[in-house]
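[1] here's my sequence, what's the structure:
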Amino acid sequence: MASGDSELVKRALAGQRSAFAELVDRYRDAACAVAYHYLGDFEEAQDAAQEAFVRAYLRLRQLREPGKFGPWLRRITASICADLLRRRADRGVSLDAEPVAATPSPEEDLDRLAARMVVREALSRLSQKARLTVTLYYINGYSHAEIAGFLELPVATVRTRLRRAKEHLREEMIPVVTDVLHEGRPDESFTSEVERRVFSYTATDNSQGVAITGTSEAVSEEELVRRLSGKGYQVTQVLPAPRLSEHRTREEREAERRETTARVAQMILEQAFRDHAESIRLVRGSGPHAGVTAHYLVAGTWHEVMAVPKYIWAPLRGHFAELARVKLRYGVAGGSGRIQYRFQGKDRWLSATFRRAVIELQRT
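    Reported below is the predicted structural model:
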């Protein structure tokens, strides 16, 4: 399973969401196997596995070794299951109790429910280490080497665990275990369910006027807006994140980048006009973590009023240069330009000057 993970992670970090979709397809059975190992219920396991992929997607930059995505996902899944088990214990439910529904749902006949209960009982007689190894082996047919990589174990250890587990399981139980675990695998809708829980948003910090864009998990757009509003943010836009499985062309990615840049530029200009700023100065900070700050000259005094991430500097500089109809060379324009902007029904004019790390916009 680890082959090519590093490349897929790097591509996903570069914005190729289809690369993360490949990781979901590659590891969804393994994540469900880990969750089933802890929870003992396929429906709960799939929910926990989806949660694990959402967290992995949002925290992908925290993964220090891209080639170890599988073990990292395993730990995330185990942590989510531990939280679920703690909440189950707090509700006074025995951890050894059968998970919900002694009566089958309309979609589940008695034979299938009986088979699941028999398999759960058979697996419970194995040691925890052997149970997880067996679940991984039979849910998808992963090879010994793939399981070893996912569990971060020597191949010989995996082989020994499987051999001993098969000795404890009766011979006639092996086909039943295989069928039940294989049947419990997530279907093709799994990836779309992961996608459905991720949103992109644009907001402004009400206390500092800081413009932010981000990606977050939420049950719905409304729930995300409530959560951000409770933290003091004014949400200006919430959109479903682009589909993980969607292959976007270079032109589509470029259009999305231009749209984001235009929104930030509009926010900077309109806030300046509302504050009756005489000049706007955008300054790129130095250092790896420095951002871009917007300063407004109001009544003869400069005020730092807004900050945006550093990565927006180059497209923002290009956007203002395009508005001013000047050409940039190494971030510097040969001469000043003029920007015409319509605000509250009136045309406003600004002169624009570009230096390497500063953009000066002055009302005329």
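[2] hey, let's count contacts and neighbours off CA atoms from now on
    Fine.
[3] low-confidence regions, the stretch 1-150 of the chain specifically.
    For the stretch 1-150 of the chain, the stretches with pLDDT under 70 are 1-3, 91-111.
[4] ok, which stretches of it are helices?
    For the stretch 1-150 of the chain, applying DSSP state H, counting those that start in this stretch gives helices covering 5-13, 17-39, 42-58, 69-90, 110-124, 128-140, 144-151.
[5] following the last one, which helix or strand comes up?
    Right, helix 144-151. helix 155-168 (DSSP states H and E).
[6] immediately after that next one, which helix or strand?
    Next in sequence after helix 155-168, counting helices and strands by DSSP H and E, comes helix 173-183.
[7] give the rounded mean pLDDT of that next one.
    Averaging pLDDT along helix 173-183 gives 82.
[8] packing partners for it?
    With contacts taken as 3 or more CA pairs under 8 Å, 6 or more residues apart in numbering; DSSP states H and E, helix 173-183 sits against helix 110-124, helix 128-140.
[9] my guess is Arg116 meets Val180, correct?
    Yes: with contact defined as CA atoms under 8 Å, Arg116 counts as touching Val180 (6.2 Å).
[10] so how far is the longest helix seen in the chain from its chain's centroid?
    If you go by DSSP state H, the chain has its longest helix at helix 250-274. In terms of CA atoms, centre = their mean, to the nearest Å, the centre of helix 250-274 is set 23 Å apart from its chain centre.
[11] contacts only, for Val9.
    Contact analysis of Val9 by CA atoms under 8 Å, 6 or more residues apart in numbering lists 19-20, 60, 66-67, 69.
[12] ok, and the most crowded of the residues you listed?
    Greatest neighbour count in these, by other CA atoms under 10 Å, goes to Phe20: 25 neighbours.
[13] picking that back up, in the longest helix of the chain, which residues are buried?
    Neighbour-count burial for helix 250-274, counted by 16 or more other CA atoms under 10 Å, picks out 260-262, 264-265, 268-269, 271-273.
[14] which strands and helices sit next to it?
    Counting contacts by 3+ CA pairs under 8 Å, 6+ apart, helix 250-274 is packed against helix 313-324.
[15] what's the helix it packs on packed up against?
    Of the remaining helices and strands, those touching helix 313-324 by 3+ CA pairs under 8 Å, 6+ apart are helix 250-274, strand 337-343, strand 346-354.
[16] could I get those as TSV with mean pLDDT?
    Formatted as TSV, those follow (pLDDT from 0 to 100):
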stretch	mean pLDDT
helix 250-274	79
strand 337-343	91
strand 346-354	93
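[17] want to throw these into CSV with distance to Val54?
    Compiled in CSV, those are given as follows (distance: least, CA to CA, whole Å):
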stretch, distance to Val54
helix 250-274, 22
strand 337-343, 40
strand 346-354, 41
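[18] how far out from the middle of the chain is the helix or strand harbouring Ser229?
    Element membership of Ser229 [criterion: DSSP H and E] is helix 221-230. Its chain's C-alpha centre lies 17 Å from the corresponding centre of helix 221-230 when counted by CA atoms, centre = their mean.
[19] ok, stretch 270-284 next?
    The chain centroid and the centroid of stretch 270-284 are separated by 34 Å under CA atoms, centre = their mean.
[20] closest to Ile80 out of the helices and strands packed on helix 173-183?
    Counting by CA to CA, Ile80 lies closest to helix 128-140 out of those; the figure is 16.2 Å.
[21] now the angle between helix 144-151 and the closest one, please.
    Using axes from the mean of the first three to the mean of the last three CA atoms, to 10 degrees, the inter-axis angle of helix 128-140 relative to helix 144-151 is 120 degrees.
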